[in-house]
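Undergrad: Structure, please.
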Amino acid sequence: YLSGLPCQISILSKVMKNKTNYISFWQAFAAQVQRTPHNTALKSTMGSELNYQTLYFEAQSLAYALTQSGLQPGDRVGINYPRSTDFIIAALACWYAGLVWCPLSQLPGKRRRAIEDRIQNKITLGNDPEDTKKEDLNDFTTQVPEDFKAFNPPADHPAYLIFTSGTSGHPKGVLVPHAGLVAVFQAQIKALDLNANDRSLWLLSPLFDASISDLGTALLAGACLVIDPDPLKDLNTFYALLAQAEISYIDLPPTLLGVLEPDKVPPGLKKMLIGGEAPPVQAVQYWSQRLHLLNVYGPTEA
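TA: Take a look at the predicted model:
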């Protein structure tokens with residue numbers, strides 16, 4: 001431990017020296033919107049579809065409503081939507097307004113309230129009628145003035161709050177700053193060679209930080225993020241979804257990698273991310289020969 005300490009300090013000092021050179025998510029996203037305004041950004045199997053330009057304006061409109069409600073940069077917001085376009089719009093709106101969001105998606109009421117007490121969020125965006133902090137933003141003006149610009153966060157400004165699973169006894173909240181956000185997304189985009197022709201399936205729960213990198217990599221690569229409310233209802237449904245939605249990239253738990261039947265996975269799937277636990281070795285050996293497979297660790301830790 002002691003022998004590794006100087007290395008850790010050296011790495012940290014480099015990060016601190018370079019933090020002024022970082023680019024915020026909204027700067028990167030706005031540049032992507034300019035490049036591919038009419039490309040499909042989000043496609044739900046329930047029927048809705050948003051291109052990049054529309055997604056930008058939807059998030060901007062909600063961001064303005066949030067500021068109209070009295071929220072200030074740095075305030076904390078709970079997001080209690082399930083895996084959906086609404087969740088993504090809410091997250092992007094918070095970043096536009098400089099707010100810090102925390103996923104609360106479909107948590108049991110007692111645990112959600114306990115987390116809300118700890119994060120001291122001002123409001124919760126979502127559709128739970130029992131949530132005492134739920135805010136109806138339809139009460140506020142959504143006509144966005146031309147001078148309403150995205151908040152440009154300093155590198156150490158918090159981006160999101162994520163909670164661990166609590167396997168040690170109690171969930172622990174981790175406050176993640178903006179400094180490394182885009183860097184992690186762009187590193188994964190480069191490693192997987194993601195581009196505007198890719199179609200990514202949002203498989204992981206919003207409660208897991210890996211889902212944040214799934215959203216970020218798709219949107220900063222100009223790709224299409226496909227959303228299904230229950231993609232793992234059963235494996236046959238999953239295989240059909242991969243084929244019908246023409247999925248080329250997916251981020252999945254290593255345990256699922258070990259149960260996939262190769263002859264049922266469509267050949268259009270070319271890129272795969274796994275992480276978070278030890279993967280089954282034989283499955284890794286097989287799939288790494290068939291497609292571009294990348295094994296990673298959590299984006300929060302990274």
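Undergrad: For the residue most central in space within the chain, give its distance to residue 28.
TA: For the chain, the residue nearest the mean C-alpha position is residue 212 (2.0 Å; C-alpha atoms, centre = their mean). Per C-beta to C-beta, to the nearest Å, residue 212 is found 14 Å from residue 28. The C-beta positions use only the backbone N, C-alpha and C, and glycine is treated the same way.
Undergrad: Can you give me the neighbour number for residue 281?
TA: 9 (other C-beta atoms under 10 Å).
Undergrad: How about residue 195?
TA: 12.
Undergrad: Also residue 45?
TA: Neighbours of residue 45 using other C-beta under 10 Å come to 15.
Undergrad: per-residue confidence at the nearest residue to it once chain neighbours are set aside?
TA: Closest residue in space to residue 45, ignoring its immediate chain neighbours: residue 228 at 4.4 Å, by C-beta to C-beta, 6 or more residues apart in numbering. Looking at residue 228, its pLDDT stands at 94.
Undergrad: isn't residue 228 right up against residue 44?
TA: Yes - Residue 228 sits in contact with residue 44 when judged by C-beta atoms under 8 Å, with a separation of 7.5 Å.
Undergrad: My read is that the residue nearest to the centre of the chain contacts residue 251, right?
TA: No - in this structure, residue 212 is not within contact of residue 251 by C-beta under 8 Å, at 10.8 Å.
Undergrad: hang on, the earlier thing: tell me the mean pLDDT for whichever strand or helix holds the residue nearest to the centre of the chain?
TA: Assessed by DSSP states H and E, residue 212 sits inside helix 209-221. On average, the pLDDT along helix 209-221 is 95.
Undergrad: Check which element follows that helix along the chain.
TA: strand 224-227.
Undergrad: which stretches of the stretch 201-302 of the chain form strands?
TA: Taking DSSP state E, counting those that start in this stretch to define them, one finds strands in the stretch 201-302 of the chain at 224-227, 249-252, 271-275, 292-296.
Undergrad: Against which helices or strands is the second one packed?
TA: Yep, that's strand 249-252 we're talking about. If contacts are counted by 3 or more C-beta pairs under 8 Å, 6 or more residues apart in numbering; DSSP states H and E, strand 249-252 sits against strand 199-202, helix 209-221, strand 271-275.
Undergrad: Ok, which of those comes nearest residue 158?
TA: Among these, helix 209-221 comes nearest to residue 158, with 13.4 Å by C-beta to C-beta.
Undergrad: residues making contact with the closest one?
TA: With contact meaning C-beta atoms under 8 Å, 6 or more residues apart in numbering, helix 209-221 is reached by 25, 28-29, 32, 41, 52, 55, 83, 88, 91, 160, 162, 176, 181-182, 184-186, 188-189, 192, 194-196, 198, 200, 202-205, 223-225, 251, 275-276, 298-300.
Undergrad: Tell me what angle the helix holding residue 212 forms with strand 271-275.
TA: 150 degrees (axes from the mean of the first three to the mean of the last three C-alpha atoms, to 10 degrees).
Undergrad: what are the C-alpha coordinates of helix 209-221, in CSV please?
TA: Taking C-alpha atoms only, helix 209-221 is exported to CSV below (Å, rounded to 0.1, in the frame of the first residue of the first chain):
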residue,chain,number,x,y,z
ASP,A,209,-23.7,3.7,-13.0
ALA,A,210,-22.8,1.7,-16.1
SER,A,211,-26.1,2.7,-17.6
ILE,A,212,-24.9,6.3,-17.4
SER,A,213,-21.9,5.5,-19.7
ASP,A,214,-24.4,3.6,-22.0
LEU,A,215,-26.3,6.9,-22.4
GLY,A,216,-23.3,9.0,-22.7
THR,A,217,-21.4,6.9,-25.3
ALA,A,218,-24.5,6.5,-27.5
LEU,A,219,-25.3,10.3,-27.5
LEU,A,220,-21.7,11.5,-28.0
ALA,A,221,-21.1,9.0,-30.8
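Undergrad: how far out from the middle of the chain is that helix?
TA: Relative to the centre of its chain, helix 209-221 is centred 5 Å away, using C-alpha atoms, centre = their mean, to the nearest Å.
Undergrad: so it versus strand 292-296, what angle?
TA: Going by the same axes, to 10 degrees, helix 209-221 makes 130 degrees with strand 292-296.
Undergrad: in stretch 273-281, what's buried?
TA: Using 16 or more other C-beta atoms under 10 Å as the burial criterion, the residues of stretch 273-281 that qualify are 273, 274, 275, 276, 279.
Undergrad: Can you measure across it, start residue to end residue?
TA: 15 Å (C-alpha to C-alpha, to the nearest Å).
Undergrad: who touches that stretch?
TA: With contact meaning C-beta under 8 Å, 6+ apart, stretch 273-281 is reached by 188, 192, 208, 210, 249-255, 257-258, 284, 293-298.
Undergrad: Mind doing that once more with 10 Å?
TA: 188, 191-192, 200, 204, 208-210, 213-214, 217, 249-259, 283-284, 286-287, 292-299 (C-beta atoms under 10 Å, 6 or more residues apart in numbering).
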